[in-house]
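In: got a predicted structure plus its sequence, pasted below:
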Amino acid sequence: MRIHLAAALVAGLCLSVLSALPAQAAPTRYEAENATINQGAVEANHTGYSGTGFVNGDNVAGSYTEFTVNAASAGTATIAIRYANGTTSNRPSDVSVNGSVVSAARAFNPTTNWDTWATSTLTAPVNAGANKVRLTASSAGGNPNLDFLDVEVAAPSSDYQAENAVISQGTVATNHTGYTGTGFVDYTNIAGSYVEFTVNATTAGNYALVIRYANGTTVDRPMDVSVNGTVTSAGVSFPATANWDTWADKTVQAALIAGANKVRLTATTANGGPNLDKLSASAPSDTEAPTTPANLRVVGEVKPYSVDLAWDASTDNVGVVQYKIHNGGNVIMTVGGNITAITVPGLTPNTGYVLSVLAYDQAGNASQGSNNVSITTPPSDDTQAPSVPANLRAGNVGSSSVTLLWDASTDNIGVTGYNVYKDGVKFATVPDLTATADGLTANTSYSFEVEAFDANGNVSARSTALPVRTSSTAIGGDPVYDKDINTAYDLPWGIAFLPDGSALVAERDRFEITRLTASGTRTVVGKVTEAVTTVGEGGLLGLAVSPNFATDHYVYAYYTSSSDNRVARFKFENNAIGAREPIVTGISKNKFHNGGRIKFGPDGMLYITVGDGQTGSRAQDLNSLNGKILRVTPTGAGAPGNPFPSAPRVYSLGHRNPQGIAWDSQGRLWESEFGDATWDELNLIQPGKNYGWPNCEGRCSNTAYVNPVQQWDVASASPSGLEIVNDWIYMAAVRGQRLWVMKITGSTTDTPRAFFNGRWGRLRTVVKTPDGGLWLTSTNNDKDGGTPTVLNNVIVRLKFAGAPFGLTSTAFANNGTIPTKYTCAQDGVSGNDISPPLAWTASAGAQSYAMTLIDTANSGKHWAIWDIPASKLSLPEGLGLGYDVPNQSPAKQKAMGTGNKALQYFGPCPGGSTHKYEFTLYALDTATLPGVTSASTVAQVETAILAHDLASTKLAGNSNAGT
């Protein structure tokens, strides 16, 4: 009875106890004596065993033997367990595969004596690669003696009979001929009837789903094909097949996840679906992409709501099945592979478009993008204005900002956007129902209004004025415009700060790297000559500076080459870039969806965002680097601890075009991602998780995918760069032309607010600066491949509202002279100096503080102090000697020099010349700085600090001390 109950509880297992080995085709044998044994021993005191012995487990519950079973591919394993039980009682065992019990309390009944062997056989799913098969004794008698496992892995069948699927509003029938299996499904003649198959995929990727059907009527019976709850092919045609005894195949492409997938075929008309025989799933072997569509052109005149396009046909080794027309990176129309001229409907009057076309084959391989065609639709004859926006109201109100919200207007054609006014002056134009007025004065009254407009420029009356008085309290995370850093850049995409506070900036289409100082001085330091444009979103993209730059001088760059997208590193020395050393290559490129952001994480590993290269199935395919976030070592190898042994560089998958990454105070990774035509995303990234593309865009009901924390209409966001400071998220929006700001609360955020709406145009990159602010870049004129001969984009500095995070000393002013008392001149000996009094304002989210003193003229790292409690906002004069700082527990300190000089504040001592010194205060995301000891150098402490800083601020001073 116990055996039968266990069998009933284990779905999908075929259980039997045999007296001899089953007939199997070339199983692989795993001897027990070579397995991992817990509470047992290898013995040879009975006869009839295989190999060099058998395992005699201890007679206790919990003793086990664990085999490592290797499978060439994922599938169903037939596992034959050879054992002997010379007692008169069952010796049950829990059989688990990779930690999951697949047969609980499995019976191993008596075999007459210890020299008589029997075989118990079961089936269970296994992964590709190594699998752990463990037999754990579930009673005090322990396991039986174990001789070996024979294991044979069969790949899942690719054929799925309709009569075995889940049927809603249909029946299994046999009244026609030519079907396979035991019957077919006759759909009920209503819209919404469906058949749902459970399709098992060995690996994630793009699969060909072949649907065998018959349609004995004279009318089409279209169906929607959905995968895991998301429609992947809408209104698929199932035309007549002469009669009900004539069967035909219809093939569609779908991205499947590894493991079980729910594939549903749903009738879309009152005729129901065709008769359905079976579904077959196979990964297409064709990897050759079609040729690029050539000579995209406008045929005739551009109309307010449409344009006629034509192009030269692509070719393919198998055949082109469809073309997709894009506006920028978004698909606006799909047509069959036999069509090379089409009217594109649904355009908006008086609006600019950048159009291109891509070809796709049956396997889902995408061509490169065609030439771009820029058009502007003319105005229409519409003269009717939208209705007046209603319910204008204030959301967050701070001392320097007011967030406004209102209800949508209506229009006979459609509302295009809204103009927002402050005291009668327009300060924002937005595509949605919110805007934030910034840079306001505390305790001051303002009047706000909003009006709607359509594509023809018809404008509604303004709303009723809303009076708002700002508060006396700042919202701490509010960004405030500080100053222009530089206004003469070509598409500044990647920014990475050097230890001296200057930054390296990548210009996407010029392929140049410039050095930019905080005062705005721009110097070209080199060109990545291998980089090429895609006349879209490719080129020279992300930059990252090595965490160990002080010693290795490495800078990392993501760029498009003639063959792929890649990450390379180079030395930056003597104000020039060196030769590039590729460390990650083979990332598929295309006109759009290249990803390109790179950053070093708190763990010292390099994270890389990679787009799908306009082939969505790559995002679900672990054999592709596209559509992923990668995590690699500084040399490009898969980083230790990554979740996929078969794809060692992959950290997460299911991404369309991720371009922003940043870490919060808990070390969690957040990511911003371009949507297709509906939803942009903000995601909280977990290793090994699947974020749904192309089966999900935005939130969906499928539990196989992780839903975004926030989502936006693509017109409101199209996010690129992402930064986090004090657990406030700053997300730069390209199409939305604003900076979205939100506060992290647990595993979500508060309501996002939109700043700087339209002020600088398309916003690309936002990055925290060493001086405690943000740099924000625009990349206008980039939709058509950029204008590399024109330098018209900006880099601006933002600061934060409220009391700024700042460091002061009562002994000297910022950029003043450091008194002799706090230098080596105080006693004429280097080291053993008196530290100055220091104080600072609190930084939100800080778990502790740390500080360094550095000679900026020669990078001399004089002194560091860390583990200063978050509750402490000052340090007294003369800290005293000791790695454990006297009277400042639990603070630690290290300095340059040896002996006691390495355990006390080491003041300015530049040998008689005037040098600039900087005290830099860091707010850290950890209470105790990890990875440092009393043997660490100041440089090593600084590296650890930089891996955990939330914000920083500087106090500078000059010293002419000498020894």
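Out: In hand now; what should we look at?
In: and stretch 522-533, what's buried?
Out: For stretch 522-533, the neighbour count (16 or more other CB atoms under 10 Å) marks 525-526, 528, 530-533 as buried. All C-beta atoms are positioned from the backbone trio N, CA, C, and that covers glycine.
In: make CSV from these and add distance to residue 29 to it.
Out: Output for these, formatted as CSV (distance: CB to CB, whole Å):
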residue, distance to residue 29
525, 62
526, 59
528, 54
530, 52
531, 54
532, 54
533, 57
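In: secondary structure for the residues you listed - can I get that in TSV?
Out: Formatted as TSV, the buried residues of stretch 522-533 follow (DSSP: H, G, I helix; E, B strand; the rest coil):
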residue	secondary structure
525	strand
526	strand
528	coil
530	coil
531	coil
532	coil
533	coil
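In: which of these sits closest to residue 675?
Out: Of all the buried residues of stretch 522-533, residue 533 has the smallest distance to residue 675: 23.9 Å, by CB to CB.
In: ok, the closest one touching residue 509?
Out: Yes: using CB atoms under 8 Å, residue 533 makes contact with residue 509 at a distance of 5.6 Å.
In: can you pull out the low-pLDDT segments for this structure?
Out: Residue ranges of the chain with pLDDT under 70: 1-26, 155-157, 284, 783-787, 802-804, 844, 911-913, 960-963.
In: apart from its chain neighbours, what residue comes closest to residue 939?
Out: Spatial nearest neighbour of residue 939, excluding adjacent residues (CB to CB, 6 or more residues apart in numbering): residue 861 at 5.2 Å.
In: so which strand or helix has that neighbour?
Out: Using DSSP states H and E, residue 861 sits in strand 860-869.
In: may I have that strand as CSV, with CA atoms only?
Out: Output in CSV follows, covering the C-alpha atoms of strand 860-869 (Å, rounded to 0.1, in the frame of the first residue of the first chain):
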residue,chain,number,x,y,z
GLY,A,860,49.7,60.6,-2.8
LYS,A,861,47.2,58.7,-0.6
HIS,A,862,48.0,60.1,2.8
TRP,A,863,45.2,58.8,5.2
ALA,A,864,41.9,57.1,5.4
ILE,A,865,39.4,56.6,8.2
TRP,A,866,36.3,54.4,7.9
ASP,A,867,33.5,52.7,9.9
ILE,A,868,32.4,56.0,11.3
PRO,A,869,28.8,55.4,12.5
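In: residues contacting residue 274?
Out: Neighbouring residues of residue 274 by CB atoms under 8 Å, 6 or more residues apart in numbering: 187, 213-215, 221, 223, 238, 241.
In: let's see it at 10 Å
Out: Applying CB atoms under 10 Å, 6 or more residues apart in numbering to residue 274 gives the contacts 184-187, 211-217, 220-223, 238-241, 244, 247-248, 250, 265, 267.
In: in what helix or strand does the closest residue to residue 299 other than its chain neighbours lie?
Out: Excluding the flanking residues, the one nearest residue 299 by CB to CB, 6+ apart is residue 308, at 4.3 Å. For residue 308, the element it lies in under DSSP H and E is strand 307-312.
In: ok, residue 123 - how many residues close by?
Out: Counted with other CB atoms under 10 Å, residues neighbouring residue 123 total 18.
In: what are the ranges of the helices in the stretch 451-600 of the chain?
Out: 549-552 (DSSP state H, counting those that start in this stretch).
In: helices of the stretch 701-850 of the chain, start to end?
Out: So, for the stretch 701-850 of the chain - with DSSP H, counting those that start in this stretch - there are no helices.
In: need the contact list for the residue nearest to residue 939.
Out: Counted by CB under 10 Å, 6+ apart, residue 861 has contacts 499, 550, 852-855, 894-896, 906, 937-942.
In: narrow those to those that are buried.
Out: For these, a burial check counting by 16+ other CB under 10 Å picks out 499, 852-855, 894-896, 906, 938-942.
In: any chance of the residues you listed in CSV, plus secondary structure?
Out: Listed next are the buried ones among the contacts of residue 861 as CSV, based on three-state DSSP:
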residue, secondary structure
499, coil
852, strand
853, strand
854, strand
855, strand
894, strand
895, strand
896, coil
906, coil
938, helix
939, helix
940, helix
941, helix
942, helix
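In: separation between residue 558 and residue 342?
Out: To residue 342, residue 558 is 35 Å away according to CB to CB, to the nearest Å.
In: of the two, who's got more company?
Out: residue 558 (28 against 19).
In: beta partners of the more buried one?
Out: residue 567 (DSSP bridges).
In: was I right to think it contacts residue 595?
Out: Yes: under the criterion of CB atoms under 10 Å, residue 558 makes contact with residue 595 at 7.7 Å.
In: residues touching the residue nearest to residue 552 when sequence neighbours are not counted, list them.
Out: Nearest residue to residue 552 in three dimensions, chain neighbours excluded: residue 546, at 5.4 Å (CB to CB, 6+ apart). Counting by CB under 10 Å, 6+ apart, residue 546 makes contact with 496, 552-556, 569, 571-572, 600, 604, 606, 634, 943.
In: now residue 506
Out: For residue 506, the contacting residues are 491-496, 512-514, 528, 531, 539-543, 555, 557-559, 596, 765, by CB under 10 Å, 6+ apart.
In: go again using 6 Å as the cut-off
Out: 493-494, 513, 540, 543 (CB atoms under 6 Å, 6 or more residues apart in numbering).
In: can you get me a residue count around the residue nearest to it when sequence neighbours are not counted?
Out: Distances taken as CB to CB, 6+ apart put residue 494 closest to residue 506, at 3.8 Å, once the chain neighbours are dropped. Residues lying near residue 494 (other CB under 10 Å) number 29.
In: okay but residue 494 is in contact with residue 545, surely?
Out: No: checked against CB atoms under 6 Å, the pair residue 494 and residue 545 is beyond contact range at 10.5 Å.
In: distance of residue 895 from residue 879?
Out: Residue 895 sits 11 Å away from residue 879, going by CB to CB.
In: again but with residue 336, I slipped
Out: Applying CB to CB to residue 336 and residue 879 gives a distance of 76 Å.
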